[in-house]
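Asker: Show me how the following folds:
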Amino acid sequence: MTTTKEMSSPLKRAHALLEAYSLLSPDALVANFSSNFTHQILPASLSMPIRDREQFAHHALIITSIFTRFAMVPQQIFEDPQKNTVVIYANMLGELVGGLGEWENECFMILQMVEEGSEVKIQSIKEFVDSAKAKVLSEKLKGLDIGGKGDVLRDIGGVKGG
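Answerer: The predicted structure is shown next:
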């Protein structure tokens, strides 16, 4: 097993991102991103907007507000040093607010890294989500008041509110 000390800078940043998800803090997530960061939810057929750093922070605020706990548990992580890219296959595990129960999903994330100053940061994330599971989540969240933080159904990713 590889220790954090033996990991490349891109792999360390990928692991830091995964750990940040469990903090349910948009600031912790955004701290891993470059100044020109973009986030895209795939497949493209979902017609989700590409978000910049600020838009992702708003999105993360809404998403983190629907969980009392959340973790991205890596199943496989691959690095392509020549392309400065890390690919993560992860299980998403959490507990929904309002007594709505456990949540489980999976995703693939393609992280494009860039050197910014003396650090490696994430320049872009392309995240492929299980849209069928996202629709199940949308049904669970219908009518849930989360304190006026936005349209949860629209911001979940891959879910069209309705």
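Asker: Show me the strands in the chain, by range?
Answerer: Secondary structure of the chain by DSSP state E: the strands cover 33-42, 51-52, 67-80, 85-96, 101-116, 119-129.
Asker: quick one: low-confidence ranges for the chain?
Answerer: Within the chain, the stretches with pLDDT under 70 are 1-5, 143-162.
Asker: hmm, 90 instead?
Answerer: 1-6, 43-48, 59, 62-63, 97-101, 129-162 (pLDDT under 90).
Asker: coming back round to it: what would the strands of the chain look like in TSV with distance to Met7 and mean neighbour count?
Answerer: C-betas here are computed from N, CA, C, even on glycine. Shown next, in TSV, are these (distance: least, CB to CB, whole Å; neighbours: other CB atoms under 10 Å):
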stretch	distance to Met7	mean neighbour count
strand 33-42	19	18
strand 51-52	27	17
strand 67-80	9	14
strand 85-96	10	18
strand 101-116	13	16
strand 119-129	11	19
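Asker: Can you tell me which of those strands is nearest to Val136?
Answerer: strand 101-116 (8.9 Å; CB to CB).
Asker: orientation of that closest one relative to strand 119-129 in degrees?
Answerer: 140 degrees (axes from the mean of the first three to the mean of the last three CA atoms, to 10 degrees).
Asker: neighbouring strands for strand 101-116, and are they parallel or not?
Answerer: Here strand 101-116 is paired, per DSSP bridges, with strand 85-96 (antiparallel), strand 119-129 (antiparallel).
Asker: residue contacts, Met7?
Answerer: His15 (CB atoms under 8 Å, 6 or more residues apart in numbering).
Asker: Could I get the phi/psi values of it?
Answerer: The phi and psi values for Met7, taken as degrees, to the nearest 10, are phi -80, psi 150.
Asker: what's the answer for Pro49, then?
Answerer: The phi/psi pair for Pro49 (degrees, to the nearest 10) is phi -70, psi 150.
Asker: Numbering from 136 from now on, please.
Answerer: Noted, 136 is the first residue going forward, which turns the last one into Pro184.
Asker: Once you drop chain neighbours, what's closest to it?
Answerer: Gln190 (7.5 Å; CB to CB, 6 or more residues apart in numbering).
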